[in-house]
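Undergrad: Pasting the sequence and the predicted coordinates here, then a few questions.
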Amino acid sequence: MSAPIRVAHVVATVGATGVEAFLLTLLPSLVAEGVTPTLFVPGEGPLTGKLRARGVVIEHGAPTRKFDPGAERKLASLWRGRFDLVHAHGPRASFWAEPAARRLGIPCVLTVHELRWQTLPPGWRRTLWVGLESRVLRRASVLTTVSEATRRDLLAREPALAERVRVVHAATPLALDGGPPRMATPFAGAPPIRLITVGRFSWQKGYEPLLHALALAAGAGVDFTLDIVGHGPEETGLRALAERLGIAPRLRWLGRDADVASRLAEADAFVTTTRAEMFGIAVLESMLVGVPVLATAVGSLPEVVADRESGELVPFEPAETLPARFAEALARWAADPERARRYGISGARRARERFSPAALARGMADVYRGMLAVRR
């Protein structure tokens, strides 16, 4: 039996975003594929405790700043003679991981979790981030994306990377250990319809059109409540918007520490009018629990959700009419709950069969083996 592949993983944050969910799913699953992962982090956080509980080795040493003199040498000294390759998660981690790996003469793979020209609002900040990260993307040995859509959008901007980009679909930690503890029974009770949405309060996630759509649905007689799991800089403005629209009494703001699995199991439908989605972990988790998904047809969501089979996707454009079109779809679900229940059953099957942690680990291990074979 061949020796395990030793991989140094690097991440810049240890909170509870999509990157951390990806790591929480991937790293414990790699062992079955003959890979020994060690995660280098900038400090302690929710992610580190969860991974240690699953037997993953955690070490400190990942810098957090994009410009950190000496970080390259520090990482190289930590890794020398210990690892076969380096895996950076996100361009910020790759700012220091890629040159350190190059210093040691070992390959570096970068997983692209975000395309800043899609996820940040227009302005100088987006221009700066895109410029910095484009340079990093061009220097990685191999790039992986979590969806075909992200690969397509990346290559539309950086066509020279085509030979180096691989797709490895993401998965959710909710699928570990036999799957979610409890399945939902959507549209089984009397109104109101119990809606849920999960995501950071940011421009990317498109909460404004969602609140406008829900106001229109309420005006059309749809009886609903909405649980909102998330946090972020736009929360104050969104709460004020809900008050102006007259739907504030229907909303429950649960913060970022809510038990998402339990909330999903109590929901009738997951809703989002996100502007961009590299993969859609929250969408996949809803499907896994059996909750039908009503979402915008952006980014990777057409890959994750089979439209009119495991949910319904509404085109984002034209943005001016999105709230009305989204409200109409929700009204159709309210009038035909059997349709939504079928979506939930189909979605659970699709989530289990196509987006499992084992498939994620297998795909990533194949990338590692391919990189090492080329090096040899």
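TA: Alright, I've got the coordinates.
Undergrad: how close does residue 41 sit to residue 19?
TA: 12 Å (CB to CB, to the nearest Å). C-beta coordinates here come from the backbone N, C-alpha and C atoms, glycine included.
Undergrad: Kindly report the same for residue 343.
TA: Computed with CB to CB, the distance linking residue 343 and residue 19 is 28 Å.
Undergrad: Residue 325 reaches residue 312, doesn't it?
TA: No - proximity of residue 325 to residue 312 does not meet the contact threshold set by CB atoms under 8 Å, at 10.8 Å.
Undergrad: Between the two, tell me which one has more neighbours.
TA: When residue 325 is set against residue 312 and neighbours are counted by other CB atoms under 10 Å, the residue ahead is residue 312, at 22 against 17.
Undergrad: List the contacts of the more buried one.
TA: Remark: with contacts taken as CB atoms under 8 Å, 6 or more residues apart in numbering, residue 312 is in contact with 292, 293, 294, 295, 329, 333, 343.
Undergrad: which of those sit farthest apart?
TA: With CB to CB as the measure, no two of the contacts of residue 312 lie farther apart than 295 and 333, at 12.5 Å.
Undergrad: the more surrounded of those two?
TA: Here residue 295 and residue 333 are compared on neighbour count by other CB under 10 Å; more neighbours surround residue 295, at 28 against 25.
Undergrad: and that one, what is it in contact with?
TA: Residues counted as contacts of residue 295 (CB under 8 Å, 6+ apart) are 270-274, 280, 283, 301, 305, 311-314.
Undergrad: secondary structure class for residue 226?
TA: With DSSP: H, G, I helix; E, B strand; the rest coil as the basis, the three-state label of residue 226 is strand.
Undergrad: could you measure it against residue 268, distance?
TA: In this structure, residue 226 and residue 268 are 11 Å apart, going by CB to CB.
Undergrad: Now for the two: what residues contact both?
TA: Counting by CB under 8 Å, 6+ apart, the residues touching both residue 226 and residue 268 are residue 195.
Undergrad: least trustworthy helix or strand in this structure by mean pLDDT?
TA: Scoring the helices and strands of the chain by mean pLDDT, DSSP states H and E places helix 116-119 at the bottom, with a mean of 64.
Undergrad: What's the first helix or strand after that one?
TA: Tracing the chain C-terminally past helix 116-119 and defining elements by DSSP states H and E, one meets helix 124-139 next.
Undergrad: Now do the helix or strand just after that next one: distance to the chain's middle.
TA: Going down the chain from helix 124-139, the next helix or strand is strand 142-145, by DSSP H and E. Relative to the mean C-alpha coordinate of its chain, strand 142-145 is positioned 15 Å out (CA atoms, centre = their mean, to the nearest Å).
Undergrad: do the same with stretch 290-307
TA: 13 Å.
Undergrad: show me where pLDDT drops low in the protein?
TA: 1, 16, 65-69, 116-120, 129, 132, 375-376 (pLDDT under 70).
Undergrad: Which residue ranges make up the domains of it?
TA: With automatic domain parsing serving as the domain definition, the record reports that the chain contains domains spanning 5-171+356-375, 193-354.
Undergrad: that older thread, list the ones among the contacts of residue 312 that fall in strands.
TA: In strands, judged by DSSP state E, the following of those are found: 293, 294, 295.
Undergrad: Compile those into CSV and extend it with columns for distance to residue 362.
TA: As requested, the ones in strands among the contacts of residue 312 are exported to CSV (distance: CB to CB, whole Å):
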residue, distance to residue 362
293, 26
294, 31
295, 27
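Undergrad: that older thread, so which of residue 343 and residue 19 has more stuff around it?
TA: Just comparing residue 343 and residue 19: by other CB under 10 Å the higher neighbour count belongs to residue 343, 27 against 24.
Undergrad: Tell me which residues touch the more buried one, please.
TA: By CB under 8 Å, 6+ apart, the neighbours of residue 343 are 292, 293, 309, 310, 311, 312.
Undergrad: Common neighbours of residue 41 and residue 19, please.
TA: In the contact map built from CB under 8 Å, 6+ apart, the residues linked to both residue 41 and residue 19 are residue 11.
Undergrad: Give me the contacts around stretch 217-231.
TA: Contacting residues not belonging to stretch 217-231 are listed as 191-201, 205, 214, 246-247, 250-256, 258, 260, 263, 267, 271, 327, 330-331, 334 [CB under 8 Å, 6+ apart].
Undergrad: same thing with stretch 137-147?
TA: Outside stretch 137-147, the residues that touch it by CB under 8 Å, 6+ apart are 22, 88, 91, 94, 98-99, 101-102, 107-113, 151, 154, 158, 160-161, 164-170, 278-279, 299-300, 303-304, 364, 367, 370-371.
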